[in-house]
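Enquirer: quick one: sequence and predicted model below, then my questions.
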Number of protein chains: 2
Amino acid sequence: MYENLLAHIRKYVNLDDAEAALLQSRLQHQQVKKKQHLLKEGRVCTANYFVLNGCLRLYVINNKGAEQIIQFAIDNWWMSDYDSFDRHRPSGFHIQAVENSELAFLDKAAQTELLNKIPQLESYFRVLFQRAYTASLMRLQYMFCLTKEERYIHFSNNFPEFVQRVPQYMLASFLGFTPEFLSKIRAKAVAAKRQPSSRRR
Amino acid sequence: MYENLLAHIRKYVNLDDAEAALLQSRLQHQQVKKKQHLLKEGRVCTANYFVLNGCLRLYVINNKGAEQIIQFAIDNWWMSDYDSFDRHRPSGFHIQAVENSELAFLDKAAQTELLNKIPQLESYFRVLFQRAYTASLMRLQYMFCLTKEERYIHFSNNFPEFVQRVPQYMLASFLGFTPEFLSKIRAKAVAAKRQPSSRRR
DNA sequence: CCCATTTCTTGAACCGGATTAAGTTTTTCT
DNA sequence: AGAAAAACTTAATCCGGTTCAAGAAATGGG
C-alpha cells in the first residue's frame, strides 16, 4: 500500500523501515468519484491530499459567480489549502475531483506528528514547496509576458498529455481565458495545419 | 550582527547558542547600492539573499525587450532564483537592488551544510516556502479574478507603505499593467476624492 | 440504445487596457 | 544652483480577447 507515495518520498530523502511503517500507519486512503468535493468554500481544510492516481482541481468562485481554476493536481502531487489546513481557518477555495481518483491523505494531527518524528519529511516538503513556489513564479511570468494564445501553445507543447486529459473549458479557466477563445485558437491551428503554406504569406 | 535574521528564524523554530553561532559563522554580509545587480540573466545564481533592510526586485526581460517584475523582497524576506541556485543552472532572471540595501546571504555550500547540520532550518525554510507558495497562488487568483484597476486598489489597500516605497512604473509592472494606465487610475481616484458625490450618480 | 446533460463551436458587437507620442514634473548628480 | 536623467501625465487610436446568443457534437447514465 502507498508504494507510489513511498517511492516519491525516497526520491528526495531516506526513510528506514520503521519510519516508512510509521508513515503508512498514519496515512488514510480515500476513493473519490468525478465531481466529488474534498473541500468547499467556508469549510476548514482538514487534510493534505496526495493523488495516487486521478486528478483534482482547486478553484474559487469569482465575483461574477464563475469558477476560476487556480491549480490542478495529478498523479504524485500533493494538494491542500495549506493556509486553511495549518491555521484552521475557513477556506476560500473548493477542491474537487476532476476524474475518479484514488487518494492518500494526512490529517492535521498526523501531519504534525510525522513532521516531528521524521525530520526527513521536513526536508521532503521543503523541497516540494520550494519547487511549487518556483513553478508558481514561472506561471506568473507566463501570465505577464505571453498573450493568451501564446500561453495555450506553450502549455500544450509542454504538457500535451494533460491537455488531452481535462475538459477544454477547465484548461481555458486554468490558463486565464474563455472557452470560446480556446475554441478559436484551436480552429486557427486546424486551419493552419490544413493549408501550411498560408502561414508564410 | 544578523540579530534581525536570528529573530526571524526564532519566530518559527528553536536555535541553541551553538547553532546560532554556526549559522552566523557561515553568513556573509553585503551592502548594495540602488540599481546594483546581484544576478544577471545567463549567470548562475550563487546565493540565497536575506534583506536586512532595503528592497530587491526579481525581473525578466520579455520578448519585447521590456522589464517585467516578478517579485519584490523587502526587509526580512529571502530572495534567490532557487532553481538556478539549487541546480547550478543559468538563470533567466535578474535580481537588482531597488534601494540601497543591506543583505545577509548564504552561498550554496553554506546553505547545504547548514540544512544538514541544523535540521530546524529545514523546518524554517519549509514553512517559508509553504507560505511563499500560498501567497503566490493568491496572487494568481487576483490576476485571474480582478480587473487591473481592482488589482491596484486591492494592493494599495493591503500594502499602502509599499506603494509609497517603489517607483510607480515598477508597481505597474509588478501588477501586470502599464505605467500609463496606473496614471489614469490615480487621476480617477483624485477626481473622485475631489467630488465625492459624483461617485454616486 | 436513447434521452439528458455536458462540452464545444461560431459569429457579431463590444470594451478594457495597450500603444504611441509628446509634454511636464521630480530627482539626482556635480 | 543648474543641467541631465528619471519618473509621471495626458490624450488619440487601436486591438486582443470577452460577452452574448444560438446551435452542434459528444458523453454518459439508466
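Expert: Yep, it's here.
Enquirer: quick check: A:F85 touching A:N48?
Expert: Yes: counting by C-beta atoms under 8 Å, A:N48 is a contact partner of A:F85 at 6.1 Å. C-betas here are computed from N, CA, C, even on glycine.
Enquirer: which neighbours do those two have in common?
Expert: A:Q111 (C-beta atoms under 8 Å, 6 or more residues apart in numbering or on different chains).
Enquirer: so is the most centrally placed residue in chain A in a helix, a strand, or just coil?
Expert: Centrality entry for chain A: nearest residue to the mean C-alpha point is A:A73, 2.3 Å, by C-alpha atoms, centre = their mean. Assigned state for A:A73: strand (three-state reduction, DSSP: H, G, I helix; E, B strand; the rest coil).
Enquirer: isn't it up against A:V51?
Expert: Yes: the criterion here is C-beta under 8 Å, and A:A73 meets it with A:V51 at 5.2 Å.
Enquirer: mutual contacts of these two, please.
Expert: Common neighbours of A:A73 and A:V51 (C-beta under 8 Å, 6+ apart) are A:M79.
Enquirer: and the helices in chain A?
Expert: A:3-10, A:17-26, A:82-87, A:108-117, A:119-145, A:148-158, A:160-165, A:168-175, A:179-194 (DSSP state H).
Enquirer: distance of the residue nearest to the centre of chain A relative to DNA strand D?
Expert: 20 Å (C-beta to the nearest atom of the strand, to the nearest Å).
Enquirer: the nearest residue to A:R126 once chain neighbours are set aside: what's it in contact with?
Expert: Residue nearest to A:R126 in three dimensions, not counting chain neighbours: B:R126, with 3.9 Å by C-beta to C-beta, 6 or more residues apart in numbering or on different chains. Residues counted as contacts of B:R126 (C-beta under 8 Å, 6+ apart) are A:E122, A:S123, A:F125, A:R126, A:F129.
Enquirer: before we move on, back to that, nearest spatial neighbour of the residue nearest to the centre of chain A, chain-adjacent residues omitted?
Expert: A:M79 (3.8 Å).
Enquirer: what is the least confident helix or strand in chain A?
Expert: helix A:179-194 (a mean of 87; mean pLDDT, DSSP states H and E).
Enquirer: can you tell if that one touches chain B?
Expert: No: using C-beta under 8 Å from any C-beta of the partner chain, helix A:179-194 stays clear of chain B, coming no nearer than 14.2 Å.
Enquirer: could you pull out the buried residues of that helix?
Expert: A:L182, A:I185 (16 or more other C-beta atoms under 10 Å in any protein chain shown).
Enquirer: what angle separates that helix from helix A:148-158?
Expert: 70 degrees (axes from the mean of the first three to the mean of the last three C-alpha atoms, to 10 degrees).
Enquirer: hey, C-alpha coordinates of helix A:179-194 in PDB?
Expert: Presented in PDB, the C-alpha positions along helix A:179-194 are these (Å, rounded to 0.1, in the frame of the first residue of the first chain):
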ATOM      1  CA  PRO A 179     -13.700  28.500 -23.600                       C
ATOM      2  CA  GLU A 180     -14.900  30.500 -26.600                       C
ATOM      3  CA  PHE A 181     -11.400  31.900 -27.200                       C
ATOM      4  CA  LEU A 182      -9.800  28.400 -26.800                       C
ATOM      5  CA  SER A 183     -12.200  27.200 -29.500                       C
ATOM      6  CA  LYS A 184     -11.000  30.000 -31.700                       C
ATOM      7  CA  ILE A 185      -7.300  29.200 -31.100                       C
ATOM      8  CA  ARG A 186      -7.900  25.500 -31.900                       C
ATOM      9  CA  ALA A 187      -9.900  26.400 -35.100                       C
ATOM     10  CA  LYS A 188      -7.000  28.500 -36.200                       C
ATOM     11  CA  ALA A 189      -4.400  25.800 -35.500                       C
ATOM     12  CA  VAL A 190      -6.500  23.300 -37.500                       C
ATOM     13  CA  ALA A 191      -6.800  25.700 -40.400                       C
ATOM     14  CA  ALA A 192      -3.000  26.300 -40.400                       C
ATOM     15  CA  LYS A 193      -2.400  22.600 -40.500                       C
ATOM     16  CA  ARG A 194      -4.700  22.100 -43.400                       C
END
